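**Student:** sharing a sequence plus its predicted fold:
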Amino acid sequence: MPKLIGRLIYLYCVLAEFKKHIEINFPELVDNHFLIACSGGLDSMVLTELCQQAHLQFSVAHCNFRLRGRESDNDEEFVRKHTEKLNRTFYVTHFDTVGYVNQHKVSVQMAARDLRYNWFEKLLKLHDIPFLLTAHHANDNLETFLINLSRGTGIDGLTGIPSKTDYLRRPLLPFSRQALNYYAKNQNLEWREDASNADTKYLRNKIRLEIIPKLNELHPTFLSNFQNTMAYLNQTQSIATHYLEKLKAELFIQEDEKFRISLESLSNLASLDAVLYGLFNEYGFTEWQNLKDLLNGMSGKQLLSTTHVLLKGREFLWLSPIKKMQEDADEFFIQENERSLEFPIVLNIDTVEQRGENNAKEIFVQKDALKYPLLVRKWKIGDYFYPFGLNRKKKLAKFFKDEKMNIFEKNEQWLLCSEDRIVWVIGRRADHRFRVDDVSKEILKIKIT
């Protein structure tokens, strides 16, 4: 009898702790229907049972990766029957995981991750479900920390698995695997064991089965101490994040889709290595030494990530999305009977009686020198024109260099052309060949607004 009472008290305490944790840290789960990713293993079965006991609203989703033959099918059937017993909705899908591995040349673990989360996202959208719960717990956090530590990482990799990310919720992070195991046994829960979890060829399994037991031998409260350390690291990260956000607001001056960053201000910052990583890692620049080399490099030097480009100017760094750099130079035509262009820039063409002075906003041309349709396009390698007033050929690339234009300005430059001849480097310089030299003939004023 005392053992039974003790067991009931333990089960009550775990459930009460879980419910309090949900109410304080995940209030959005109290009144919203959500999805639980359930493999049939210990962790996800305990999560499902706790949500059931807490009378929360949920459905269950299971992925059959077809990696273990009949065992995979048995896992599916086990989760299906348990879900039916709970009177909850059950969703299941089957993957050709091996085929995905062969097609995308990734590991089995990466393939399984890609496949399941892609399916989860589709499922959530299809059924208008806002959240997905996974059964990550304190030991998973420790394993992830050690994996990131072994590979080399900044503070982001040392702060563990986040409890909330977009639609993902992980309410078991405060609970240890030992606690979940004890709860499951005292609740007489059944679960499925995946034999691959014992295979130490996988890094996570090796850490779980060989390294963490040694750490526990060194200090029996190692996991608890680790959780306290994680809390301190997260607090430190919050302070650093606040500082970096303040810095970014001061240094990153937005101009259209680009940011302009003062080289002098950036170079004078204390702890420059860490600051460079903190400011630019979200744009895909994770090697601080490359960033330092760029600061000390020659004007015009570039650094590319998968999403952005950093350009070293004379006084500034320029940060821009790569898609901006890779836009196709679309062509836009102006017919002879048309007097304006609305896109990609606004051009107005008017007949005037007198010739004016060319400037950045408007030019004056001899109409009979033009061949229609006129063409507005981006510049390309090999382009040349005859700068107004010089009457000699000059390559556009050399003109851009003389104008001290950076790579973003060059790639955003539009040209007004007549057949294959440039009429106007729009907003900068007209072509001498289209100058007005006979005021008795029709004169056109072309203006940007």
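**Tutor:** The structure has been received and is ready for your questions.
**Student:** report how many residues lie close to the spatially closest residue to residue 29 that is not a sequence neighbour.
**Tutor:** The spatially closest residue to residue 29, leaving aside those adjacent along the chain, is residue 22, at 5.7 Å (C-beta to C-beta, 6 or more residues apart in numbering). Every residue, glycine included, has its C-beta placed from N, CA and C. Applying other C-beta atoms under 10 Å, we find 19 residues neighbouring residue 22.
**Student:** go on, the one 4 residues further on?
**Tutor:** Residue neighbour count, defined by other C-beta under 10 Å, stands at 19 for residue 26.
**Student:** in contact with it, which residues are there?
**Tutor:** Residue 26 makes contact with 163, 164, 169, 171, according to C-beta atoms under 8 Å, 6 or more residues apart in numbering.
**Student:** and the two most separated of those?
**Tutor:** 164 and 171 (9.6 Å; C-beta to C-beta).
**Student:** so between these two, which is more surrounded?
**Tutor:** Neighbours per residue (other C-beta under 10 Å) separate residue 164 from residue 171, with residue 171 holding more: 24 against 13.
**Student:** domain-wise, how is the protein divided?
**Tutor:** 2-229, 256-325, 332-448 (automatic domain parsing).
**Student:** need the ones you listed in a markdown table (columns: distance to residue 248).
**Tutor:** Listed next are those as a markdown table, based on distance: least, C-beta to C-beta, whole Å:
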| stretch | distance to residue 248 |
| --- | --- |
| domain 2-229 | 16 |
| domain 256-325 | 6 |
| domain 332-448 | 19 |
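**Student:** these: lowest mean pLDDT?
**Tutor:** Across these, domain 256-325 has the smallest mean pLDDT, namely a mean of 83.
**Student:** could you say what helices and strands the longest helix along the chain packs with?
**Tutor:** Scanning the chain for the longest helix, with DSSP state H as the assignment, gives helix 222-251. Applying 3 or more C-beta pairs under 8 Å, 6 or more residues apart in numbering; DSSP states H and E, one finds that helix 222-251 contacts helix 138-151, helix 212-218, helix 263-267, helix 272-280.
**Student:** please name every helix or strand in contact with the first one.
**Tutor:** Here helix 138-151 is seen to pack against helix 203-206, helix 212-218, helix 222-251 when contacts are counted using 3+ C-beta pairs under 8 Å, 6+ apart.
**Student:** between helix 272-280 and the last one, find me the angle.
**Tutor:** Right, the one you point to is helix 222-251. Per axes from the mean of the first three to the mean of the last three C-alpha atoms, to 10 degrees, the angle that helix 222-251 makes with helix 272-280 is 80 degrees.
**Student:** tally of neighbours for residue 106?
**Tutor:** Residue 106 has 14 neighbouring residues, counting by other C-beta under 10 Å.
**Student:** repeat that for the one 3 residues further on.
**Tutor:** A count of neighbours around residue 109, defined by other C-beta under 10 Å, yields 13.
**Student:** against residue 210, how distant is the residue nearest to it when sequence neighbours are not counted?
**Tutor:** Sequence neighbours aside, residue 202 is the residue nearest to residue 109 in space, at 7.1 Å (criterion: C-beta to C-beta, 6+ apart). As judged by C-beta to C-beta, to the nearest Å, residue 202 and residue 210 stand 12 Å apart.
**Student:** then residue 223?
**Tutor:** From residue 223 to residue 210 the distance is 16 Å (C-beta to C-beta).
**Student:** who's more crowded, these two?
**Tutor:** residue 223 (18 against 10).
**Student:** alright, I will stop here.
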